[in-house]
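Q: Output the structure for:
(one chain, ligands or ions: 1)
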Amino acid sequence: MDLVFPGELLATSEECVGGKGVFEEDGRLFAAVEGKRSLDSRTRSVVISAPLQARPLAAGDYVYGLVHDLYDSVALMEFHAVSGEGERIAQHNNYAYLRISEIQRGYTEQFRDWLRIGDVVKARIKEITSLGIYLTIADSELGVIRGFCTQCKTELEQRGRVMVCPACGNKEQRKTAVSRA
Ligand SMILES: [Zn+2]
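A: Just a heads-up that it's a prediction; the model follows:
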C-alpha cells in the first residue's frame, strides 16, 4: 500500500493531472488528504483514495469465537469480529463473555450439554458494557461451527443438530449453527 500524507509531493503537473484528493500549486501536485496514492495511466491522473476508517465494534456485529473457559453461568470467549465488505472494525479487546442464557431460547441447565472448551462458534455481539463484551449464539444461524471429540480430540462432523466423531463414532450434542437455507 502506497500511503501518502497531506502536503506530500506527488508529481509535477507536466507528468500528470491531479484528481480526487490532490491539489496543485506552482505546477506541482500535492496530496490534500491522507490515503493511498494511485495513478490512472489512461487519464494520467493521480488520485488519493482515503483509507478505510475503522469503526468501533457494535452490538449486532458477527464474530467468530473460541470457547476459552466455561464457568457455571458464563463462558469466556476469545473472539474476532467479522468485517463486512468495505469496512474495518476496530477491536480493542479479544475477550468476551457468553451468558448461559444466550446459548439458546429457553432454559439451559449447564454449558457442557451444548458447548465445550475449544469449540469455535459463530456469534453475534449482544451488548457492550463497561464490564465487558457479551455475545449471543441463541439464534438458529449462530452456534458451534467446529467442535472436537471429547473422547479422542478428533474434529467432529456436523450431521444436522448432532456432531459425530469420524474416528471413534462418538456422538456429541452441541448448540450447532444451522444455516437459514
Ligand atoms: Zn472421537
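
Q: residues in the protein within reach of the ion, list them.
A: Residues of the chain lying near the ion by Cβ under 5 Å from the ion: 149, 151, 152, 154, 165, 167, 168, 170. Every residue, glycine included, has its C-beta placed from N, CA and C.

Q: Now list the buried members of those.
A: 149, 165 (16 or more other Cβ atoms under 10 Å).

Q: Make TSV from the residues of the chain next to the ion and add secondary structure to it.
A: Shown next, in TSV, are the residues of the chain next to the ion (DSSP: H, G, I helix; E, B strand; the rest coil):
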residue	secondary structure
149	coil
151	coil
152	coil
154	coil
165	coil
167	coil
168	coil
170	coil
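
Q: Between the two ends of stretch 49-59, what distance do you get?
A: End-to-end distance of stretch 49-59 (Cα to Cα, to the nearest Å): 29 Å.

Q: can I see the domain layout of the chain?
A: Following automatic domain parsing, the chain resolves into domains at 3-49, 55-173.

Q: now the residues of the chain next to the ion in TSV, with pLDDT?
A: Listed next are the residues of the chain next to the ion as TSV, based on pLDDT from 0 to 100:
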residue	pLDDT
149	96
151	95
152	96
154	97
165	97
167	97
168	97
170	97
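
Q: Now do the same for the nearest residue to residue 102 once chain neighbours are set aside: its pLDDT.
A: Sequence neighbours aside, residue 136 is the residue nearest to residue 102 in space, at 4.0 Å (criterion: Cβ to Cβ, 6 or more residues apart in numbering). Confidence at residue 136, expressed as pLDDT, is 98.

Q: now swap in the one 5 residues further on and tell me
A: Per-residue confidence (pLDDT) for residue 141: 94.

Q: Now for it, how many residues are close by?
A: Neighbour count for residue 141, taken as other Cβ atoms under 10 Å: 13.

Q: Over to residue 130?
A: Counted with other Cβ under 10 Å, residue 130 comes out at 4.

Q: Which one of the domains of the chain has the poorest average confidence?
A: domain 3-49 (a mean of 88).

Q: Could I get the buried residue list for stretch 93-113?
A: Buried residues in stretch 93-113, defined by neighbour count with 16+ other Cβ under 10 Å: 96, 97, 98, 100, 102, 103, 104, 108, 111.

Q: Off-centre distance for that stretch?
A: 20 Å (Cα atoms, centre = their mean, to the nearest Å).

Q: Next: stretch 140-150.
A: Distance, stretch centre to chain centre, for stretch 140-150: 17 Å (Cα atoms, centre = their mean).

Q: for stretch 169-181, same thing?
A: Counting by Cα atoms, centre = their mean, stretch 169-181 is centred 22 Å from the centre of its parent chain.
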